[in-house]
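Engineer: this one's structure only:
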Ligand SMILES: Nc1ncnc2c1ncn2[C@@H]1O[C@H](COP(=O)(O)OP(=O)(O)OP(=O)(O)O)[C@@H](O)[C@H]1O
Ligand SMILES: [Mg+2]
């Protein structure tokens, strides 16, 4: 179950968040959270609506500016890196709500995922890999992305993010609104991506499935980290079971 | 009206429409990328004429050099306006930016009065363009034919840039969603600068050809063409480049045909644009090609 540990970067912590405080107009959405992601791992972040999950990812990529705290990535101060340079450092976000470009074709959406790269040959290889992961995207190559079904758009959002060849792939609810069969498909693809050496930070409503594939999980509640532990530990934790996994588990 | 005369009017209309189209594109591209009406665009058009005027009248450069330099200086002016009047307000409410746009427009107009003087100047003509040619029974200035040809070449270039290049891809992404474009690694500020440069370049081409067609320049001359081309962009569906071109041609041909068929209304030719605007806003508020747009820059 555990992804192969690849210490290629020499950092035991790839991403490290310390005491991060984020406020929207005076109201604190994150009240000092600590979170680390080790290279080669899958880390899951779970929590109720409004807990601050998306805010966490948005502050990592610089889309929201924190009040205080620090975020470092491979030893660099990430708060000094503007959003447009995130992909160049190896961080990619699949944003909440897909945010594909509806007026661009499927192929153009993939191309813009590789916007920061110039190695045409390698880009083509990655595109073919994305087509392998999501054959439907190859079929819909020339279709405007806005006309894809919800599930296909989600696949495109994931495919687009892979085009930058990320080292750290962050996904904000990739399975939202998808049929159970497609959810299963998305999760097996996440594992496939991970097996290629990509580190993953995953937000999911679907706590059960995400904790099953995660090396480590965090439970976030009203802007604070409530629990932290291995995926297995959290899966059997009584509190987690009650709050996020439903009585049935 | 004889067929020949009709053709003569039509050619004139297409020629005028080409100029409107070139200027209208600047409005629509800036709107597409910033949701901002660049009220200074008409003044950028006016400035391009003065740049060309001084190139020929003072530095006596050959016409093609002059035009090239004027186009480049106009592009720089467009980027400067963005830098000075809009960039500092990137996160301000839209009304603030609009006031700044109106301010930039007045500023440039008055700057032109101060620097160039308020009295009309005669725009230098190039015989190669102003000579009269006859096709059958129609006689036209060569320019009337060259303008649509030059416009089509520019439009093809623009289409290529937007559809086939990486810069164009970035522009299309930014016009949809700044934050997501940033996440993809697109330099949004640079893309906006490029957009202003392109809009200004097209306005400069339009301006120089305008100067040869109507060879008199004054600092206030950006106002009416600017307003009309803004209307052309709205009529076509603002944000949509094809729409701006279509709107420009409708306005140009419509205006000339109004004069041709109802000579009594010649004095109202400028009103035609406004009537058209009102009609379109009533019938199709999003403009002719608004709504579903594949090319919304
Ligand atoms: N742009 C914003 N302006 C004001 N408040 C915001 C903004 N974005 C988020 N918030 C608030 O911050 C809190 C955390 O939001 P966030 O989007 O991070 O939650 P989340 O954990 O991702 O929830 P969900 O599971 O519903 O996506 C919420 O209370 C939300 O209302
Ligand atoms: Mg969220």
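Structural biologist: Arrived safely, thanks for sending. Just so it is clear, the model here is predicted, and its values are computed rather than measured. Numbering: from 1, shown residues only, chains lettered A, B, ... in the order given. Ligands and ions are numbered 1, 2, ... in the order given.
Engineer: would you agree residue B:101 is in contact with residue B:34?
Structural biologist: No: look at residue B:101 against residue B:34 with C-beta atoms under 8 Å: they stay out of range, at 10.1 Å. Where you see a C-beta, it was placed from the backbone N, CA and C, and this is true even at glycine.
Engineer: what touches both of those two?
Structural biologist: residue B:86 (C-beta atoms under 8 Å, 6 or more residues apart in numbering or on different chains).
Engineer: so which strand or helix has the closest residue to ligand 2 within chain B?
Structural biologist: Relative to ligand 2, the nearest point of chain B is residue B:179 (14.7 Å; C-beta to the ion). Using DSSP states H and E, residue B:179 maps to helix B:178-183.
Engineer: list the buried residues of that helix.
Structural biologist: Buried residues in helix B:178-183, counted by 16 or more other C-beta atoms under 10 Å in any protein chain shown: B:178, B:180, B:181, B:182, B:183.
Engineer: pull the distance from the next helix or strand after it to the chain's centre.
Structural biologist: Using DSSP H and E, the next helix or strand after helix B:178-183 towards the C-terminus is helix B:188-213. Its chain's C-alpha centre and that of helix B:188-213 lie 7 Å apart, by C-alpha atoms, centre = their mean, to the nearest Å.
Engineer: so what strands line up beside the next helix or strand after helix B:188-213?
Structural biologist: Next along the chain after helix B:188-213, taking DSSP H and E as the criterion, comes strand B:216-217. Under the criterion DSSP bridges, strand B:216-217 sits next to strand B:121-122 (antiparallel) in its sheet.
Engineer: which residues does the strand it pairs with contact?
Structural biologist: With C-beta under 8 Å, 6+ apart, strand B:121-122 has contacts from B:53, B:57, B:215, B:216, B:217, B:218.
Engineer: which other helices and strands contact the helix or strand of chain A with the lowest mean pLDDT?
Structural biologist: The least trusted helix or strand in chain A, going by mean pLDDT, DSSP states H and E, turns out to be helix A:238-240, with a mean of 85. Packed against helix A:238-240 by the contact rule (3 or more C-beta pairs under 8 Å, 6 or more residues apart in numbering or on different chains; DSSP states H and E) you find strand A:224-230.
Engineer: residue B:39: what secondary structure?
Structural biologist: coil (DSSP: H, G, I helix; E, B strand; the rest coil).
Engineer: surely residue B:31 is in contact with residue B:241?
Structural biologist: No: look at residue B:31 against residue B:241 with C-beta under 8 Å: they stay out of range, at 10.7 Å.
Engineer: what pLDDT, on average, does the longest helix along chain A get?
Structural biologist: Criterion DSSP state H: the longest helix present in chain A is helix A:180-195. Per-residue pLDDT over helix A:180-195 has a mean of 90.
Engineer: show residues contacting stretch B:83-97.
Structural biologist: The set of residues external to stretch B:83-97 that reach it, using C-beta under 8 Å, 6+ apart, is B:34, B:35, B:36, B:38, B:40, B:100, B:101, B:103, B:104, B:189, B:192, B:193.
Engineer: try it again with 7 Å
Structural biologist: Stretch B:83-97 has contacts (C-beta atoms under 7 Å, 6 or more residues apart in numbering or on different chains) with B:34, B:36, B:100, B:101, B:103, B:104.
Engineer: again, but for stretch B:163-177
Structural biologist: A:99, A:101, A:103-104, A:108, A:111-112, A:115, B:32-33, B:161-162, B:181, B:184, B:186, B:188, B:191, B:194-195, B:296-297.
Engineer: try stretch B:210-229
Structural biologist: Applying C-beta under 7 Å, 6+ apart, the contact partners of stretch B:210-229 are B:19-20, B:23-24, B:27, B:41-43, B:45-46, B:49-50, B:52-53, B:109, B:112-113, B:116, B:118, B:120-123, B:125-126, B:129-130, B:143, B:248, B:251, B:270, B:273.
Engineer: tell me where chain A is predicted with low confidence.
Structural biologist: A:1-11, A:246-249 (pLDDT under 70).
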